[in-house]
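In: coordinates only, sequence not included:
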């Protein structure tokens with residue numbers, strides 16, 4: 001996608017919103033924030049400490065929560081170790097309410113916007129890795145249905161979730177989120193991957209042998225080629241999971257990966273030398289999971305399969321022994337591919353889900369298994385890590401329960417004898433910038449705040465406007481001889497489309513030279529980098545940006561998700577919502593859509609890019625309504641608008657339902673709406689979400705109501 005609109009770097013910029021004047025609504029009074037428990041410890045493997053987490057169940061499968069350190073015994077390579085760290089951690093919210101996205105039928109209120117999760121709020125971090133490199137056409141459809149049920153019914157408050165495809169490349173690692181819109185968009189992108197290792201059904205149909213004197217040799221060669229290809233794709237699957245596990249390393253909460261796949265081979269009963277690449281990659285993945293404190297669960301998406309002959313099989317020209325061989329080969333394939341998933345789960349402390357056609361129920365079992373775990377640590381001996389010889393020996397771990405009774409222990413089975421401190425780190429500029437940008441988690445070496453808004457302009461069509469606020473205090477400045485203050489930083493920005501491919505990118509080095517007054521203002525208020533990118537087709541988009549301070553090499557990164565509607569379909573849609581604050585009563589005025597970028601005096605903190613408002617401020621908002629239906633007799637729309645405020649996922653203020661007043665607007669395809677809310681002097685500081693809801697009485701019932709939201713903060 002080629003950029004046609006200008007890029008700019010502005011000091012203390014504000015977005016000028018075109019809004020219709022309305023009287024301020026009554027002041028909302030949100031409740032005080034509840035205190036949250038501290039986040040869990042991170043599992044580490046270094047020369048001073050080895051920590052592992054374990055789930056222990058009794059003979060009935062119930063999780064045991066009351067074990068004491070003296071009732072456990074941990075062994076490294078069959079040598080008992082002294083337990084020095086021990087705790088039991090609860091991760092599942094008790095009696096957590098479901099996140100119901102529906103609203104009462106008598107209210108034109110759209111789905112509830114998500115609440116922003118702080119690190120201390122995160123209870124579980126869940127990566128759902130969909131192995132579309134190894135999903136059949138049939139399995140892909142079943143997985144989509146199960147994932148939608150998971151998002152609708154099984155997600156809990158405090159869950160941080162990502163849905164990642166193994167074929168997606170670096171753009172597939174979306175920001176972990178509690179935003180269901182983003183998860184739904186990721187689910188919609190899960191399709192049968194034609195270039196993968198699976199066909200229409202989980203098992204290939206039996207074909208006729210190749211005719212001719214060399215037919216058997218040709219069939220054997222094709223079989224070898226297919227196995228080699230499957231091995232390479234399996235390595236790709238495990239590489240994608242390894243990538244996710246590394247990204248999970250520094251996140252809070254209980255961390256898990258659920259790999260959903262038709263399976264992969266790690267060995268062959270016919271030839272033990274085959275699939276060695278997959279086996280090697282799998283062993284490395286087990287070690288990465290141990291170091292990142294990530295439990296890997298696996299689910300065989302094929303379900304419970306019938307392994308006999310079916311209508312797709314061509315049995316012509318085969319005698320009885322050949323047909324038996326064909327059935328045995330199918331059974332071996334089912335067993336071997338399933339065994340790879342089971343081994344991965346067992347080695348990392350997870351649970352393999354197999355032989356079930358109810359994938360949603362399998363996901364529920366995975367979530368229930370994460371309600372609590374033991375964190376156990378010991379001091380390793382010098383022989384565990386041997387930097388002199390350079391040998392990287394895999395050390396096996398076992399945990400035994402000494403309490404009388406029958407117990408099952410699920411924990412990772414070992415790790416390589418290389419400490420975390422010995423792990424290589426990216427050193428080049430390219431490695432640092434790309435590593436921060438493609439990671440599913442933001443870097444905060446330089447504090448960034450990214451805002452992206454969808455809009456449709458009569459001249460440029462659909463566009464994405466983005467604002468990156470940079471904290472100037474995180475940049476390094478040097479004083480020059482002419483009295484100017486100089487800073488140099490590198491910026492990398494990539495826009496990913498709904499197929500995870502990069503569709504627009506920019507990478508530049510910027511040099512700031514500021515006079516003393518500008519320098520002090522920038523340190524106090526920061527500055528904003530903004531860009532506008534055309535959107536050629538509707539869909540889900542991600543903008544990812546990373547910034548590196550050249551002197552200190554500190555890096556910050558941020559990402560933003562946008563779901564661009566298809567304006568050409570003629571359905572009701574909204575632009576992004578622009579917020580800004582004034583310390584006085586706002587006098588708003590209409591402005592053309594293509595004049596919505598510029599500089600305005602006022603507080604940078606209260607600008608559209610930052611949205612930090614103080615008590616007593618007037619918060620103005622503006623947005624556009626697209627494709628409103630017109631009454632044939634009056635040629636006017638019949639719209640109702642409403643605003644709602646949320647804090648921590650709870651509605652704290654509901655505005656009145658107001659009929660839309662057209663005024664003097666002439667572009668009936670793009671109706672401008674605006675208003676203001678006076679923030680009371682007694683409101684609690686914290687993070688909020690403003691949601692605008694629009695209902696079109698003339699539209700089809702299915703598409704009558706749409707909503708859009710924007711987050712902001714009230715600060716002391």
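Out: That came in fine, so what should we check first? As the structure is a computational prediction, the values presented were derived from the model and not from experiment.
In: and the residue lying closest to residue 283 once chain neighbours are set aside, bridged to which residues?
Out: Leaving out its chain neighbours, the residue that sits closest to residue 283 by Cβ to Cβ, 6 or more residues apart in numbering is residue 394, at 6.8 Å. To be clear about C-beta, it is placed using only N, CA and C from the backbone, and glycine gets the same treatment. Counting by DSSP bridges, residue 394 is bridged to residue 416.
In: What's the local residue count around residue 394?
Out: 14 (other Cβ atoms under 10 Å).
In: Contacts only, for it.
Out: Shown in contact with residue 394 (Cβ atoms under 8 Å, 6 or more residues apart in numbering): 283, 287, 414-417.
In: pLDDT at it, what is it?
Out: Looking at residue 394, its pLDDT stands at 78.
In: ok, which stretches of the chain are helices?
Out: Under the criterion DSSP state H, the chain contains helices at 137-149, 180-188, 215-248, 276-292, 320-347, 359-368, 429-438, 516-525.
In: Show me what residue 411 bridges to in the sheet.
Out: According to DSSP bridges, beta-bridge pairing links residue 411 with residue 54.
In: quick one: residue 256 from residue 159, how far?
Out: Per Cβ to Cβ, to the nearest Å, residue 256 is found 11 Å from residue 159.
In: Between the two, tell me which one has more neighbours.
Out: Neighbour count, other Cβ under 10 Å: between residue 256 and residue 159, residue 256 has more, with 26 against 23.
In: Which residues are in contact with the residue nearest to the more buried one when sequence neighbours are not counted?
Out: Nearest residue to residue 256 in three dimensions, chain neighbours excluded: residue 295, at 4.7 Å (Cβ to Cβ, 6+ apart). Applying Cβ under 8 Å, 6+ apart to residue 295 gives the contacts 53, 255-257, 289, 348-350, 370, 412.
In: cool, and residue 192?
Out: The contact partners of residue 192, taken as Cβ under 8 Å, 6+ apart, are 132, 135-137, 140.
In: Can you flag the buried ones in the residues you listed?
Out: The neighbour-count test (16 or more other Cβ atoms under 10 Å) applied to these identifies 132, 135-136, 140 as buried.
In: Counting only strands, which of the residues you listed make the cut?
Out: In strands, judged by DSSP state E, none of those are found.
In: Quick check: the farthest pair among those residues?
Out: 132 and 136 (10.2 Å; Cβ to Cβ).
In: mind listing what's buried in stretch 482-502?
Out: Using 16+ other Cβ under 10 Å as the test for burial, stretch 482-502 gives 484-500.
In: I'd say residue 567 and residue 462 touch.
Out: Yes. Between residue 567 and residue 462 there is a contact under Cβ atoms under 8 Å: 6.2 Å.
In: quick one, which of those two is more surrounded?
Out: Between residue 567 and residue 462, residue 462 has the larger neighbour count (other Cβ under 10 Å), namely 21 against 18.
In: Need the nearest residue in space to that one, chain neighbours excluded.
Out: residue 535 (4.1 Å).
In: cool, residue 59 as well?
Out: Residue 59 sits nearest to residue 406 (Cβ to Cβ, 6+ apart), 4.3 Å away.
In: and the one you found, how many neighbours?
Out: For residue 406, using other Cβ under 10 Å, the count is 9.
In: What about it? Give its phi and psi, please.
Out: Per-residue torsions, residue 406: phi -100, psi 120 (degrees, to the nearest 10).
In: Which residues are in contact with each of residue 567 and residue 462?
Out: Common contact partners of residue 567 and residue 462 (Cβ under 8 Å, 6+ apart): 456, 538.
In: So residue 257 versus residue 681, what's the distance?
Out: From residue 257 to residue 681 the distance is 47 Å (Cβ to Cβ).
In: ok, these two, which is more surrounded?
Out: Higher neighbour count among residue 257 and residue 681: residue 257, with 27 against 10, using other Cβ under 10 Å.
In: Beta-bridge partners for that one, please?
Out: Judged by DSSP bridges, the bridge partners of residue 257 are residue 127, residue 296.
In: Contacts only, for it.
Out: For residue 257, the contacting residues are 126-127, 129, 241, 244-245, 248, 289, 294-297, by Cβ under 8 Å, 6+ apart.
In: Also residue 285?
Out: 238, 241-242, 245, 296, 344.
In: what about stretch 519-534, average pLDDT?
Out: Averaged over stretch 519-534, pLDDT sits at 87.
In: mind giving me the domain ranges of the chain?
Out: Per automatic domain parsing, the structural domains of the chain span 8-34+427-715, 50-91+373-418, 122-353.
In: Pick out the shakiest of these, pLDDT-wise.
Out: Mean pLDDT is lowest for domain 122-353 out of those, coming in at a mean of 73.
In: burial count for the nearest residue to residue 495 once chain neighbours are set aside?
Out: Distances taken as Cβ to Cβ, 6+ apart put residue 504 closest to residue 495, at 4.1 Å, once the chain neighbours are dropped. Other residues lying near residue 504 total 19 when counted by other Cβ under 10 Å.
In: The one 3 residues further on now?
Out: As a burial measure, residue 507 scores 14 neighbours (other Cβ under 10 Å).
In: Look up which residues are beta-bridged to the residue lying closest to it once chain neighbours are set aside.
Out: Excluding the flanking residues, the one nearest residue 507 by Cβ to Cβ, 6+ apart is residue 492, at 4.7 Å. Note on residue 492: beta-bridge partners by DSSP bridges are residue 507, residue 546.
In: from the contacts of residue 257, which is closest to residue 66?
Out: Nearest member of the contacts of residue 257 to residue 66, counting by Cβ to Cβ, is residue 295, at 21.3 Å.
In: Please report how far that closest one lies from residue 370.
Out: From residue 295 across to residue 370, the span is 8 Å (Cβ to Cβ).
In: joint contacts of these two?
Out: Counting by Cβ under 8 Å, 6+ apart, the residues touching both residue 295 and residue 370 are residue 256.
In: What ranges does the stretch 51-200 of the chain have for its strands?
Out: 72-76, 79-81, 83-90, 124-130, 159-165 (DSSP state E, counting those that start in this stretch).
In: For those strands, give me CSV that also has distance to residue 674.
Out: CSV is the format used below for the strands of the stretch 51-200 of the chain (distance: least, Cβ to Cβ, whole Å):
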stretch, distance to residue 674
strand 72-76, 63
strand 79-81, 65
strand 83-90, 46
strand 124-130, 38
strand 159-165, 34
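In: follow-up on the earlier one: between the contacts of residue 257, which is closest to residue 472?
Out: Using Cβ to Cβ, residue 248 comes nearest to residue 472 of the contacts of residue 257, at 31.3 Å.
In: OK, contacts around that closest one?
Out: Contacts of residue 248 by Cβ under 8 Å, 6+ apart are 125, 127, 255, 257, 292, 294.
In: Provide a list of residues in contact with residue 75.
Out: 81, 397-400.
In: and with 7 Å instead?
Out: 81, 398 (Cβ atoms under 7 Å, 6 or more residues apart in numbering).
In: What of residue 541?
Out: Contacts for residue 541 (Cβ under 7 Å, 6+ apart) come out as 464, 495-497, 562, 564.
In: Just give me the closest of those to residue 689.
Out: Looking across these and measuring by Cβ to Cβ, the closest to residue 689 is residue 562, at 16.2 Å.
In: and the gap between the closest one and residue 185?
Out: Relative to residue 185, residue 562 is positioned 10 Å away (Cβ to Cβ).
In: Likewise for residue 76?
Out: With distances taken as Cβ to Cβ, residue 76 is found 45 Å from residue 185.
In: Could you do residue 359 as well?
Out: 20 Å.
In: And the two? Which one has more around it.
Out: Taking other Cβ under 10 Å, residue 359 and residue 185 do not tie; residue 359 has more neighbours (23 against 20).
In: How about the more buried one: what's its closest non-neighbour residue?
Out: Nearest residue to residue 359, sequence neighbours excluded (Cβ to Cβ, 6+ apart): residue 146, at 3.6 Å.
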